[in-house]
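A.B. asks: here is a sequence with its predicted model. Questions after.
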Amino acid sequence: MKKILVLCTGNSCRSQIAKGYLKHFAEDKAQVYSAGVETHGVNTRAIEIMKEDGIDISHHTSNNVNEYRNVDFDFVITVCDNAKERCPVFPSKAKKFHQDFPNPAKATGTEEEIMQQFRNVRNEIKQYAKTFIQQNL
């Protein structure tokens, strides 16, 4: 079984959404972890927009990348430029991927405008995750 780590700055939105979709598309072919170079807690709006698409991430936790130092990952995916720059070096064979997604936690406007920005990022991550699983597992 392949092991995938999704890495972001605070492990609150983008990496949590990506973990949800990667697990969904990989089914039983991969163990998916998510972490941040910091931990900010799982964003409630991320939980809400994932529920809209039938995926429950409410049980996810916000983890620091250092918690997984001893896990031998096959793939490490950074989902923001900050995490890519700050990502510690893993002494493993992990193949690294990078895709910078906008941070929906920084969205401004009315509640509906903010939620729409979350949906837009969710949809980008969903397509990325689907393609990643198709091409790598």
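C.D. replies: Yep, that arrived.

A.B. asks: list the buried residues of the helix ranked longest in the chain.
C.D. replies: If you go by DSSP state H, the chain has its longest helix at helix 111-136. For helix 111-136, the neighbour count (16 or more other C-beta atoms under 10 Å) marks 114-115, 117-118, 121-122, 124-126, 128-129, 132-133, 136 as buried. From N, CA and C alone the C-beta is placed, and that goes for glycine too.

A.B. asks: quick one: mean pLDDT for that helix?
C.D. replies: If you average the pLDDT over helix 111-136, you get 97.

A.B. asks: relative to the whole chain's centre, how far out is it?
C.D. replies: Centroid displacement of helix 111-136 relative to its chain, using C-alpha atoms, centre = their mean, to the nearest Å, is 10 Å.

A.B. asks: elements contacting that helix?
C.D. replies: When contacts are defined as 3 or more C-beta pairs under 8 Å, 6 or more residues apart in numbering; DSSP states H and E, helix 111-136 sits against helix 14-26, helix 44-52.

A.B. asks: okay, and the helix or strand of this structure with the least pLDDT?
C.D. replies: Counting by mean pLDDT, DSSP states H and E, the weakest-scoring helix or strand in the chain turns out to be helix 81-86, with a mean of 60.
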